[in-house]
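Undergrad: just need the structure, nothing else, for what follows:
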Amino acid sequence: QVRVVESGGGLAQPGDSLRLSCAATGSSFKTYTVAWFRQTPREDRAFVAAIGVREADAMYEASVKGRFTISRNNAENTVYLEMKNLTPEDTALYFCAVNPYLSALFRTPTEYSHWGQGTQVTVSS
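TA: Residues are numbered from 1 along each chain as shown. Purely as a prediction, here's the structure:
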């Protein structure tokens with residue numbers, strides 16, 4: 001069983017930066033596909049970014065591309081989401097999701113079998 005724990009959310013002002021962390025258990029972490037999704041009261045879980053086995057294998061939702069960077073540290077079993085130039089539209093509950101079975105990037109929540117509890121990001125002046 002893979003356990004997933006997010007951290008790093010909080011309150012930020014427009015233009016600020018935040019870094020989210022996703023720690024996952026498992027000796028095969030380096031083979032996991034890991035993604036970030038976000039959820040608001042108006043929208044169900046929406047894809048933000050995903051990273052594959054190689055750090056160069058990354059995919060982003062259009063509105064965050066160029067502002068958000070996903071990366072991984074396999075030695076620490078952790079994936080990061082660096083978020084820059086935050087806007088109020090980035091306010092959401094951010095979830096980390098893991099697919100430990102397939103080495104491919106997926107945008108669909110149903111492709112991920114293990115989820116964290118979420119970390120809240122609020123961007124407001």
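
Undergrad: strands paired with the strand or helix carrying residue 94, and their directions?
TA: In the assignment (DSSP states H and E), residue 94 maps to strand 92-99. With DSSP bridges as the test, strand 92-99 is paired with strand 33-39 (antiparallel), strand 114-115 (antiparallel), strand 119-123 (antiparallel).

Undergrad: go through those strands and name the closest to residue 89.
TA: Nearest to residue 89, of all the strands paired with strand 92-99, is strand 119-123, at 7.8 Å by Cβ to Cβ. All C-beta spots, glycine's among them, are computed from the backbone N, C-alpha and C.

Undergrad: now do the strands in this structure.
TA: Secondary structure of the chain, counting by DSSP state E: strands at 4-7, 10-12, 18-24, 33-39, 46-51, 58-60, 68-73, 78-83, 92-99, 114-115, 119-123.

Undergrad: what about the first one, distance to the chain center?
TA: Pointing back at strand 4-7 there. Strand 4-7 sits 10 Å away from the centroid of its parent chain (Cα atoms, centre = their mean, to the nearest Å).

Undergrad: just checking: what are the partner strands of it?
TA: strand 18-24 (antiparallel).

Undergrad: who's in contact with the partner strand?
TA: Here strand 18-24 makes contact (Cβ atoms under 8 Å, 6 or more residues apart in numbering) with 2-10, 12, 32, 34, 36, 76-83, 86, 94, 96, 98, 114, 116, 119, 121.

Undergrad: which residue lies nearest the spatial centre of this protein?
TA: Nearest to the mean C-alpha position of the chain, counting by Cα atoms, centre = their mean, stands residue 36 at 2.4 Å.

Undergrad: pretty sure that one is touching residue 81, no?
TA: Yes - counting by Cβ atoms under 8 Å, residue 81 is a contact partner of residue 36 at 5.0 Å.

Undergrad: overlap of the contact sets of these two?
TA: 20, 22, 48, 49, 70, 94.

Undergrad: how about the nearest residue to the last one, chain neighbours excluded?
TA: Beyond its immediate neighbours in the sequence, the residue positioned closest to residue 94 (Cβ to Cβ, 6 or more residues apart in numbering) is residue 38, lying 4.9 Å away.

Undergrad: for residue 39, give me the pLDDT.
TA: On pLDDT, residue 39 comes in at 98.
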